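S.K.: here are the coordinates; sequence isn't available:
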Ligand code: HMG
Ligand code: MG
C-alpha cells in the first residue's frame, strides 16, 4: 500500500496522540443497530492497528442514543489490550455509576459552549449542565479515574450562528476547573477555519490554559478538518480526535456529519514525519471492513485512495 513521502515542516510536534472516537462518535448516529460483536471487533481491530486511546461507547440515556444502549454488554465483550485506554462518555452520576460498575478507568463529560445545544443535547442550560458534571468529575477523580471534558459548538452553532471566542474560553475554563485533565474543543458541525483555530487557542493561552491540556475535535462537514488540525499543531496541540473511516455525527446537532477521518489524519502526520504508532494499511483494512458492515463506502479520501 502506498505511504506518504516524509517531508517534515518546522514548528510541529514529533509525536501526536490520536484519540480515536469511531466506536462512539462514529457509530452513535447510525440509525440501524450495529451488532455488539461487530462493535467489539471494530475496537479490537483499531487497537491492533496501533491506536492507543479508543473511545468505546457512552453511558447516556439509552432512549437518547439507542445505538449505544448496549454499553454494558460491549464492555463485557471487549478484549482489552495492555496499554490501550478505552474512555466512555458519561453525562451524569447515573452514567458514572454504570461506568464504575464496569470497571471503566477513563471517562469524558461533554458540555456545550452554547445554550441551545446544551438544552438539545443534555436537557439543561449551560449552568445546569456544569452543576450536573461537578459531582461526576469529583467522584470519578476520587475513584482514580481520568476525566476528559468535551466542549461542543466551539466554532459555530447550527441554531445560534457564530459563537464568540470569549464565550468558548469561559465555558471551557469552567470545565477544566471542575478537574478535567484535558479539554477537547469540538467543531461539532465542521464550520471552523484555520485562523479561527489559531485565535481560539491563542485566547485559551491568554486565559492561562496550558496548550498541553487541550485537544481538538474536528468534524469534516465543510472539508476544513485537516487544515484546522495543522493550525492546532502549529499552536502546540498534540492530541487530535479522529474517527476511523470518517464515520460519525451527533444526533442532536443539526448538520453534523462525520469526524475527521483517522486515515486522512495519519496520512498527513506521517507525511510530516510525525509519529502516531498507527499502522495505516491495517487501519484502512478496518475501515473497509466496517464500511461493509454498515453497507456504504467510507467517506475518507485516504480510505478511498488506498482501497481503490
Ligand atoms: P434527562 O431526561 O434530563 O434525564 O436527560 P433525567 O436526569 O431527568 O433522568 C430521567 C430518567 O433517565 C431517570 O429515570 C434516570 O434514571 C434516567 P427514571 O428515574 O425516570 O426511571 N437516566 C439514565 N439512565 C441511564 N443512563 C444514564 C441516565 N441518566 C438519566 N446516564 C441526559 C439528561 C443527560 C441523561 C440526556 O440528555 C442524555 O442522555 N443525553 C446524551 C446525549 C448524547 O449522548 N449526545 C451525543 C454525545 S455529545 C457529542 O456527540 C459531541 C462530541 O462528539 C463533541 C463535538 O463533536 O462537539 C462529544
Ligand atoms: Mg463529535
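M.R.: Ah, there it is. Given the structure is predicted, the values throughout are model-derived calculations rather than measurements. Residues are numbered from 1 along each chain as shown. Ligands and ions are numbered 1, 2, ... in the order given.

S.K.: if I pick residue 275, what's in contact with it?
M.R.: Residue 275 sits next to 14, 15, 16, 269 when contact means Cβ atoms under 8 Å, 6 or more residues apart in numbering. Using the backbone N, CA and C atoms, a C-beta is placed for each residue, glycine as well.

S.K.: On the three-state scheme, residue 137 is what?
M.R.: With DSSP: H, G, I helix; E, B strand; the rest coil as the basis, residue 137 sits in helix.

S.K.: beta partners for whatever residue of the chain ends up closest to ligand 1?
M.R.: Per Cβ to the nearest ligand atom, residue 186 is where the chain lies closest to ligand 1, at 2.5 Å. Beta bridges link residue 186 to residue 217 when assigned by DSSP bridges.

S.K.: Confirm for me that residue 268 is in contact with residue 225.
M.R.: No: using Cβ atoms under 8 Å, residue 268 makes no contact with residue 225, being 10.2 Å away.

S.K.: Show me which of these two is the more surrounded one.
M.R.: residue 225 (26 against 20; other Cβ atoms under 10 Å).

S.K.: got the contact list for the more buried one?
M.R.: Shown in contact with residue 225 (Cβ under 8 Å, 6+ apart): 187, 190, 218, 219, 259, 260, 264.

S.K.: Mind doing that once more with 6 Å?
M.R.: The contact partners of residue 225, by Cβ atoms under 6 Å, 6 or more residues apart in numbering, come to 218, 260.

S.K.: got the residues of the stretch 151-300 of the chain near ligand 1?
M.R.: Counting by Cβ under 6 Å from any ligand atom, the stretch 151-300 of the chain comes close to ligand 1 at 152, 186, 188, 217, 219, 250, 252.

S.K.: Now for those residues, which sits with the most neighbours around it?
M.R.: The most crowded member of these, judged by other Cβ under 10 Å, is residue 188 (33 neighbours).

S.K.: Would you mind measuring from residue 277 to residue 242?
M.R.: Residue 277 sits 13 Å away from residue 242, going by Cβ to Cβ, to the nearest Å.
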